[in-house]
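**Q** Pasted the sequence and its predicted model underneath.
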Amino acid sequence: MLGLTPLDLGVVVTAVLVGAVVQSIVGLGLGLVAAPVVTLVEPAVMPELLLWLAVAMPLVTLAGEREDIDWRGLGWAFPPRLVGTVGGVAVVVAAPDRLIGVAVGVMVLVAVVLTWRTVRIPVNRPTLVTAGLVSGVTGTATSIGGPPLAILYQHRPPREIRTTMAVYFLGGATLSLVGLAVVGEVNAHDALLALAMVPVLLVGAWAGQTLRPRMAAERVRPAVLAVCGGSALVLLVRSITG
């Protein structure tokens, strides 16, 4: 299907399904879980495939819940995301994929370690601007743009994390796709493959909503950090080993 063998397609579908379930529960995870796997199986479709899905998944989330969105925080984080998108496009064009992966993996791991027990980063103008800028670069270059903002919001209520991140992903992924399209990095094949994955997203969202009530609120923060850290490790190892 669309140039993928049945085995490769099965791996991609599984990765997208698991990522959608995780994102439906904790607010992020589609790119974090699926990006390293998809890159290993079919690197030619990255980061465009996951960026298309990063536009679709928030629409599914926001169709079910739109309360508690932190519009003020988004107002400070999103403009720098636009600036970071320009930097991300430049990175995609010029930098080796392995260098990008190592940089992103190290950055996320350091942030997770610092915030797990010892440091609580305040959600204020400087941190939101910084998170938006970094997320613009990493989200465009690797489709992994959630951790900088998620680490800031990790102490917020679960619904606020999910809905605020959904709005941010929707706008940010759209910006990234526009930027990549300008330099000719977007094609119809990746868009059609993403369209074929929409039913998988819907199933994953439904499964996540079903599992969500069974997850205590105090477990959401460790889950967010675990997803960020685990994905960073996979990305780092993949980038180093080639």
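**A** Structure received.

**Q** chain center to the helix or strand hosting V33, what's the gap?
**A** Using DSSP states H and E, the element containing V33 is helix 30-41. Distance, stretch centre to chain centre, for helix 30-41: 10 Å (CA atoms, centre = their mean, to the nearest Å).

**Q** report the angle between the axes of the very next helix or strand once past that helix and helix 30-41?
**A** The C-terminal neighbour of helix 30-41 among helices and strands, as given by DSSP H and E, is helix 48-64. Interaxial angle, helix 48-64 versus helix 30-41 (axes from the mean of the first three to the mean of the last three CA atoms, to 10 degrees): 150 degrees.

**Q** Now do the SS call for H155.
**A** At H155 the chain is in coil, as set by DSSP: H, G, I helix; E, B strand; the rest coil.

**Q** just use 17 as the starting number from now, easier for me
**A** Fine by me, first position is 17 from now on; the one you just mentioned is H171.

**Q** how about the helix holding V49: buried residues?
**A** Judged by neighbour count using 16 or more other CB atoms under 10 Å, the buried positions of helix 46-57 are L46, G47, L48, V49, A50, A51, P52, V53, V54, T55, V57. The way it works is simple: take the backbone N, C-alpha and C, and place the C-beta from them, glycine included.

**Q** from what I can see the fifth one touches G35, true?
**A** Yes - using CB atoms under 8 Å, A50 and G35 qualify as a contacting pair, with a distance of 4.1 Å.

**Q** and which of the buried residues of helix 46-57 is nearest to T179?
**A** L46 (15.3 Å; CB to CB).

**Q** Verify the stated contact: the closest one with M73.
**A** Yes - the criterion here is CB under 8 Å, and L46 meets it with M73 at 5.3 Å.

**Q** tell me, what's touching these two both at once?
**A** Overlap of the contact sets of L46 and M73 (by CB atoms under 8 Å, 6 or more residues apart in numbering) consists of A36, Q39, L217.

**Q** For those, which entry has the maximal number of neighbours?
**A** Q39 (32 neighbours; other CB atoms under 10 Å).

**Q** And it, which helix or strand is it part of?
**A** Assigned by DSSP H and E, Q39 falls in helix 22-42.

**Q** what packs against that helix?
**A** Helix 22-42 is packed against helix 46-57, helix 64-80, helix 174-198, helix 214-227, helix 236-257, with contacts defined by 3 or more CB pairs under 8 Å, 6 or more residues apart in numbering; DSSP states H and E.

**Q** could you give me the average pLDDT of that helix?
**A** The average pLDDT for helix 22-42 rounds to 89.

**Q** now stretch 51-67
**A** Per-region confidence: stretch 51-67 scores 83 on mean pLDDT.

**Q** Could you tell me the end-to-end distance of that stretch?
**A** Length of stretch 51-67, first residue to last, CA to CA, to the nearest Å: 10 Å.

**Q** contacts for that stretch?
**A** With CB under 8 Å, 6+ apart, stretch 51-67 has contacts from 20, 24, 27-28, 30-32, 46-47, 50, 108, 113, 155-160, 189, 192-193, 196, 201-203, 205-207, 209-210, 213, 247, 250-251, 254.

**Q** One more: stretch 77-93?
**A** Residues from elsewhere that reach stretch 77-93, judged by CB under 8 Å, 6+ apart: 39-40, 139, 141, 144-145, 147-148, 151, 165, 168-169, 172-173, 175-176, 178-180, 182-184, 186-187, 221, 225.

**Q** Just the buried positions in that stretch, please.
**A** By 16+ other CB under 10 Å, the buried positions in stretch 77-93 come out as T77, I85, D86, G89, L90, W92, A93.
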